[in-house]
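[1] missing the sequence, but the structure's below:
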């Protein structure tokens, strides 16, 4: 037995083949330990305890909310939220040129460590850069650049972006948007519109095709919905062709909020250019749009009738006729009281008192003759006849400003116009309810004159597409000169068509440039600056 136990290649603790049943009772404790050890190691505390991201209430701090939602969703290596880096001030060299090689040698020696290499390339790590408000440090703009945004990141954004009340701009540059992620991102925008106002959206260099342009055009406006918050949209450096430009033009038909649109560096040809130019001048309504316009007009008429019912008007007229004699007596009594108060307040000259007493007697005779109270009210006639210099005082109380009367009139007219503009802006009016023109049995809308800037540089537009834009610019120039253009937008102020498939000396392009030169506010500001500089020198 001792020889078998000390045989080479065998362990004294190893079970023998013939004694497996007998050794089972001996190694029972070891088996228990092997079974109990996984029971103590397996339950990770963070993964086993379920944390539902739906149960988390966002606080409005993007850095905290985004990190917590990523952790709850099982997203371990998520990008960090960092402030947007600012450009450094101009470098002022303090050392001489001879010291530069020594400094370079020190940098090379220090860069050999792993930590220095990581810190060097920290700029290229995926991050979410934010622009903060200086006062309350709330997020104003979001910049995501150079890394692919997945659908689960957009799902997290749908929960943590709506609480950001000061968010105004989103910039997604080269983030690899696909049809699926673009659809998820467009669905995110209506969730934010109820709490925040995203005014600026940039989606440059994301390989958006015609299908993506269709989704964006539908987000701008449809027959039953319209985006009223987006002011600028950058769709440069994509694969948008004529079909995509047509979808964007369809979105501009009923959109009255977008002011700035860039479609530079795309594949738009003449058909897409003509479609975009057509929307910016009077265009024909389709059959479905005409039907929807009639339905809206019927709804508007029914609402106006419910506000001012005709039955109440007849009842009011009867009661006024019955109360006319009583109201005449009360007006006479009020006239006597008003005259008494005026005579007691202005005892300066006897001639004025006599004039007032004579006028009061005449007015009493008129009021007793049975005239209506609106014709015989003496309060409005007394001030004009008696004490002309004193009665004008309450009319001048609202205008406390110093200066001539012409300035006050200008201020009042400006205030009235601004109040009208504010009232018009506050009332959300469907573009289908705008005044239309009927020609040959067709209905024409005045066109989109809210868009001020359109960039179509580096596309594939030829002379045929230029003809459409020339007609649009000529129409808008004539419209801006008319009186009806003083109360609203007048159309394009900047149109960029350079680097397309036509000659720069093309006569059509030259005419467009000449017409736009008088409308471009930047070109107007340059002569003023030159004149001011010349006068100062």
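    Sure thing, it's come through. These numbers were taken from a predicted model, which means no experiment stands behind them.
[2] Buried residues of the host helix or strand of residue 213, list them for me.
    If you go by DSSP states H and E, residue 213 is part of helix 210-220. Within helix 210-220, the residues scored as buried using 16 or more other C-beta atoms under 10 Å are 210, 212-217, 219-220. No exception for glycine: its C-beta is placed from N, CA and C like everyone else's.
[3] pLDDT below threshold where in the stretch 101-250 of the chain?
    Counting by pLDDT under 70, the stretch 101-250 of the chain shows low-confidence ranges at 101-120, 122-123.
[4] quick one, strands of it?
    For the stretch 101-250 of the chain, strands defined by DSSP state E, counting those that start in this stretch occupy the ranges 127-132, 139-145, 169-173, 200-202, 232-234.
[5] same for the last one, what does it pack against?
    So that's strand 232-234. Using 3 or more C-beta pairs under 8 Å, 6 or more residues apart in numbering; DSSP states H and E, the elements in contact with strand 232-234 are strand 200-202, strand 260-262.
[6] in its sheet, what does the first one sit against?
    Okay, so that is strand 200-202. Next to strand 200-202 in the sheet, as set by DSSP bridges, lie strand 169-173 (parallel), strand 232-234 (parallel).
[7] returning to what we had before: quick one, which of the helices and strands packed on strand 232-234 is nearest to residue 181?
    strand 200-202 (14.8 Å; C-beta to C-beta).
[8] Which positions in that closest one come out as buried?
    201-202.
[9] what's the answer for stretch 503-515, then?
    508-509, 512, 515.
[10] Could you export those residues as JSON lines, including secondary structure, pLDDT and distance to residue 63?
    Formatted as JSON lines, those follow (DSSP: H, G, I helix; E, B strand; the rest coil; pLDDT from 0 to 100; distance: C-beta to C-beta, whole Å):
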{"residue": "508", "secondary structure": "helix", "pLDDT": "96", "distance to residue 63": "53"}
{"residue": "509", "secondary structure": "helix", "pLDDT": "96", "distance to residue 63": "50"}
{"residue": "512", "secondary structure": "helix", "pLDDT": "96", "distance to residue 63": "48"}
{"residue": "515", "secondary structure": "helix", "pLDDT": "94", "distance to residue 63": "50"}
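[11] ok, residue 180 - how many residues close by?
    Summarising burial for residue 180: neighbours were counted as other C-beta atoms under 10 Å, giving 11.
[12] so what's it up against?
    By C-beta atoms under 8 Å, 6 or more residues apart in numbering, the contact set of residue 180 is residue 151.
[13] any idea how far it is from residue 155?
    Note on residue 180: its distance to residue 155, by C-beta to C-beta, to the nearest Å, is 12 Å.
[14] for residue 132, same thing?
    24 Å.
[15] Next: residue 470.
    47 Å.
[16] out of the two, which sits in the busier spot?
    Ranked by neighbour count (other C-beta under 10 Å), residue 470 and residue 155 place residue 470 first, with 18 against 14.
[17] ok, residue 297 touching residue 435?
    No: Residue 297 is beyond contact range of residue 435, at 11.9 Å (criterion: C-beta atoms under 8 Å).
[18] quick revisit: so which of the strands of the stretch 101-250 of the chain is nearest residue 65?
    strand 139-145 (10.4 Å).
[19] Would you mind listing the buried residues in that closest one?
    Buried-residue list, strand 139-145, by 16+ other C-beta under 10 Å: 139-144.
[20] returning to that earlier point: looking at residue 297 and residue 435, which one has more neighbours?
    Between residue 297 and residue 435, counted using other C-beta under 10 Å, the more crowded position is residue 297 (12 against 7).
[21] element containing the more buried one, please.
    helix 287-307.
[22] Buried ones in that helix, by neighbour count?
    Quick answer for helix 287-307 (16+ other C-beta under 10 Å): 289, 292-293.
[23] Take those and write them to TSV, including pLDDT.
    TSV is the format used below for the buried residues of helix 287-307 (pLDDT from 0 to 100):
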residue	pLDDT
289	95
292	94
293	94
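[24] Could you dump the residues you listed into TSV with distance to residue 231 added?
    Putting the buried residues of helix 287-307 into TSV (distance: C-beta to C-beta, whole Å) gives the following:
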residue	distance to residue 231
289	25
292	26
293	26
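[25] Which one of those is nearest to residue 193?
    residue 292 (22.1 Å).
[26] looking at it, that closest one is touching residue 433, isn't it?
    No: at 10.2 Å, residue 292 and residue 433 do not qualify as touching, with contact defined as C-beta under 8 Å.
[27] Residue 232: which of the buried residues of helix 210-220 is nearest?
    Of the buried residues of helix 210-220, the one sitting nearest to residue 232 (C-beta to C-beta) turns out to be residue 220, at 12.3 Å.
[28] Return the distance of that closest one relative to residue 448.
    11 Å.
[29] same deal with residue 481?
    19 Å.
[30] between the two, who's got more neighbours?
    More crowded of residue 481 and residue 448, by other C-beta under 10 Å: residue 448, with 23 against 9.
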